[in-house]
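Asker: just to be clear, the model below is a prediction. Sequence and coordinates:
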Amino acid sequence: MSARRRIGLVARLAPAVIFTVAAGGEAPIPWPHGEAPTSIEIQEKVGAAIELADLERLEEYLEAYERGEDSEHIFVLQPYIDSGAYDLDALFKFGDAFFGHEFRDLDGYGDAYLPALRRVHAGVRGGLDSFACAGCHSVGGPDGAGGPTQNAFLFGDGDRLSSANARNPPHVLGLGFVQALGAEMTYELTLLRSNALTQAAASGSDVTVSLEAKGVSFGSLTARPDGSVDTAAVVGVDRDLVVKPFGWKGDIARLRRFSEEAARIHFGVQSHVLALGWQVEKDVPRLGPGPDWWDPDNDGVQREIEEGILTASAVYMAMLETPVILPPHDQALRTRWSNGMAVFEEAGCAGCHRAELPLTSVRWEEWPDTTEGPPVELNLIVDGEGPRGTSLVKLFSDLKRHDMGEALADAHDGPGDIPRSVFLTRPLWGLAETAPYLHDGRAATIPEAIEAHGGEAAASRDAFRALDPEDRKDLHVFLLSLTREPKVLVQQ
């Protein structure tokens with residue numbers, strides 16, 4: 001169990017004081033999520049936090065004289081998961097350990113061909129720009145966003161910042177709901193395609209169908225009697241109709257791929273799944289020239305990340321807390337907040353940043369890659385850290401790509417075919433704790449981020465500019481309520 005999770009255990013201690021004691025003999029300020037914890041509950045949480053802190057300190061001592069001790073916490077085999085050897089809590093702990101683990105040469109950190117710790121990545125190969133996931137995801141609390149100094153510089157020449165595209169780390173809260181929404185939207189879109197193909201085959205003529213999932217339009221496609229599909233009118237998603245809700249460009253569909261790719265490009269450690277793929281098709285630009293499939297980066301370390309830890313990391317992120325909406329308690333600010341919520345709709349912000357998306361099933365599955373084992377299953381609204389979400393996911397996104405205009409575009413083309421100016425609608429939940437804003441962290445404040453919008457969002461930006469100054473302030477107040485449950489940092 002990592003130190004970051006220790007902080008999470010005492011997350012509700014500060015609010016217990018802040019929200020239950022009112023000045024001047026007034027009535028207690030309401031606790032935002034039900035009743036405030038009792039003194040006994042607070043003592044239990046503090047005790048658990050101290051116990052975990054002592055355990056982690058012991059593990060650090062053990063690592064000092066028994067090298068490799070710490071790496072045991074990020075080793076889990078997929079067949080053991082398939083057999084049911086680990087429950088959700090155990091997988092969460094493995095995933096948490098992976099997120100906080102500081103990779104080193106013993107784990108396969110880096111490779112034989114690239115220098116360590118450079119700020120600018122060398123093409124698609126990556127960077128070695130950090131030692132741990134937690135090293136760049138800490139703003140606002142555990143598993144949070146990244147500050148401006150934690151930007152990654154992707155697809156560069158390995159030397160000059162000007163050669164790369166900057167990326168600011170997003171928070172990783174509530175991602176189980178995000179993956180589930182993406183999967184359901186993909187199902188709805190592919191079902192429309194399948195039905196259109198069936199109709200075209202039966203009628204012997206072309207069938208054009210509008211593509212809509214959860215109220216979000218993705219254009220249209222035309223199915224032909226010969227089984228081919230014209231996707232020229234598809235917008236906001238790849239031609240395969242797979243909604244990919246992760247990454248600033250919306251190019252990753254599953255959490256396990258998100259973890260795998262981050263570990264590869266930031267730490268130079270490769271999953272066993274990628275190594276197996278290299279055996280079939282030598283992906284030298286991304287993984288290295290080998291010569292052996294089990295060690296494509298030739299650093300002498302085999303099976304750097306087991307498939308099981310990919311599963312555990314996905315389960316971990318699916319079980320993390322969900323961002324919340326916390327309106328201000330002050331009545332004057334509450335009035336501003338209420339008006340700001342209406343302004344959010346009137347200015348057209350909700351056209352892309354949809355306040356909520358409906359989730360048909362809260363049952364979440366994480367399937368393995370290389371084994372034929374069953375998926376790990378959990379209930380998104382029951383299993384995991386609180387607060388949990390509901391089947392109406394207050395994401396403030398449409399999980400669709402949009403052209404944001406040349407002013408906001410990447411400096412350079414990426415390795416795929418997504419244009420420089422096209423980005424996934426960034427979910428706004430947790431917004432208040434994620435400064436700086438936008439894909440490259442160029443905006444220090446929320447109003448600055450709105451002003452930087454262009455392209456398809458230009459109309460909303462202009463509507464924001466045309467607002468009465470007081471309405472702009474109210475909108476800002478509302479957006480600051482999109483936050484996470486208050487945390488307190490406990491140090492020994």
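Answerer: Received it, and whenever you're ready, just let me know what you need.

Asker: report the beta-bridge partners for E365.
Answerer: For E365, the beta-bridge partners are E377 (DSSP bridges).

Asker: is it true that V235 touches V216?
Answerer: No - look at V235 against V216 with CB atoms under 8 Å: they stay out of range, at 10.6 Å. Every residue, glycine included, has its C-beta placed from N, CA and C.

Asker: neighbour-wise, which of the two wins?
Answerer: Under the criterion of other CB atoms under 10 Å, the comparison of V235 against V216 puts V216 first, with 21 against 16.

Asker: show the pLDDT at the more buried one.
Answerer: On pLDDT, V216 comes in at 98.

Asker: not counting its neighbours along the chain, what's nearest it?
Answerer: Spatially, and ignoring its direct neighbours in sequence, V216 is nearest to D398 (4.6 Å; CB to CB, 6 or more residues apart in numbering).

Asker: quick one: the one you found and C349, what's the gap?
Answerer: 12 Å (CB to CB, to the nearest Å).

Asker: got it, and V46?
Answerer: Counting by CB to CB, the gap from V46 to C349 is 41 Å.

Asker: give me the more crowded residue out of the two.
Answerer: Taking other CB under 10 Å, V46 and C349 do not tie; C349 has more neighbours (24 against 14).

Asker: shouldn't F131 be in contact with G100?
Answerer: No - using CB under 8 Å, F131 is not in contact with G100, being 10.5 Å away.

Asker: who's more crowded, those two?
Answerer: For F131 versus G100, the count of surrounding residues by other CB under 10 Å is larger for G100: 22 against 18.

Asker: remind me, longest helix of the protein?
Answerer: helix 175-203 (DSSP state H).

Asker: rounded mean pLDDT for that helix, please.
Answerer: Mean per-residue pLDDT for helix 175-203: 98.

Asker: residues touching the residue lying closest to G288 once chain neighbours are set aside, list them.
Answerer: Take G288 and drop its neighbours on the chain: the residue closest to it by CB to CB, 6+ apart is D297, 3.8 Å away. D297 sits next to G108, G110, D111, A112, Y113, G268, Q270, L287, G288 when contact means CB atoms under 8 Å, 6 or more residues apart in numbering.

Asker: export those to a markdown table and tack on distance to D87, secondary structure and neighbour count?
Answerer: Below are the contacts of D297 laid out as a markdown table (distance: CB to CB, whole Å; DSSP: H, G, I helix; E, B strand; the rest coil; neighbours: other CB atoms under 10 Å):
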| residue | distance to D87 | secondary structure | neighbour count |
| --- | --- | --- | --- |
| G108 | 28 | coil | 22 |
| G110 | 34 | coil | 21 |
| D111 | 35 | coil | 25 |
| A112 | 39 | coil | 12 |
| Y113 | 40 | coil | 13 |
| G268 | 32 | coil | 26 |
| Q270 | 28 | coil | 28 |
| L287 | 33 | helix | 23 |
| G288 | 36 | coil | 22 |
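
Asker: how about the residues you listed in JSON lines, adding distance to E212 and pLDDT?
Answerer: Below are these laid out as JSON lines (distance: CB to CB, whole Å; pLDDT from 0 to 100):
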{"residue": "G108", "distance to E212": "45", "pLDDT": "91"}
{"residue": "G110", "distance to E212": "46", "pLDDT": "87"}
{"residue": "D111", "distance to E212": "45", "pLDDT": "82"}
{"residue": "A112", "distance to E212": "50", "pLDDT": "79"}
{"residue": "Y113", "distance to E212": "47", "pLDDT": "78"}
{"residue": "G268", "distance to E212": "42", "pLDDT": "92"}
{"residue": "Q270", "distance to E212": "39", "pLDDT": "93"}
{"residue": "L287", "distance to E212": "38", "pLDDT": "91"}
{"residue": "G288", "distance to E212": "43", "pLDDT": "90"}
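
Asker: show me what counts as buried in stretch 275-292.
Answerer: A275, G277, W278, R286, L287, G288, G290 (16 or more other CB atoms under 10 Å).

Asker: about what we covered before: now render the contacts of D297 as a markdown table, adding distance to R119.
Answerer: Formatted as a markdown table, these follow (distance: CB to CB, whole Å):
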| residue | distance to R119 |
| --- | --- |
| G108 | 21 |
| G110 | 15 |
| D111 | 18 |
| A112 | 21 |
| Y113 | 18 |
| G268 | 15 |
| Q270 | 21 |
| L287 | 22 |
| G288 | 21 |
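
Asker: and of these, the nearest to D462?
Answerer: Among the contacts of D297, G268 lies closest to D462 (CB to CB), at 44.6 Å.

Asker: pretty sure the closest one sits against Y113.
Answerer: No - counting by CB under 8 Å, G268 does not reach Y113; the two are 9.6 Å apart.

Asker: and the residue nearest to V216, how many neighbours?
Answerer: 25.

Asker: right, and it touches A350 too?
Answerer: No - in this structure D398 lies outside contact range of A350 using CB under 8 Å: 9.5 Å.

Asker: what's near enough to touch R239?
Answerer: The neighbours of R239, taking CB under 8 Å, 6+ apart as the test, are T231.

Asker: may I have the secondary structure class of it?
Answerer: coil (DSSP: H, G, I helix; E, B strand; the rest coil).

Asker: please report how far it lies from Q199.
Answerer: Counting by CB to CB, the gap from R239 to Q199 is 20 Å.

Asker: hang on, the earlier thing: so which of the buried residues of stretch 275-292 sit within helices?
Answerer: A275, G277, W278, R286, L287.

Asker: any chance of those residues in a markdown table, with distance to R256 too?
Answerer: Below are these laid out as a markdown table (distance: CB to CB, whole Å):
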| residue | distance to R256 |
| --- | --- |
| A275 | 15 |
| G277 | 14 |
| W278 | 17 |
| R286 | 17 |
| L287 | 17 |
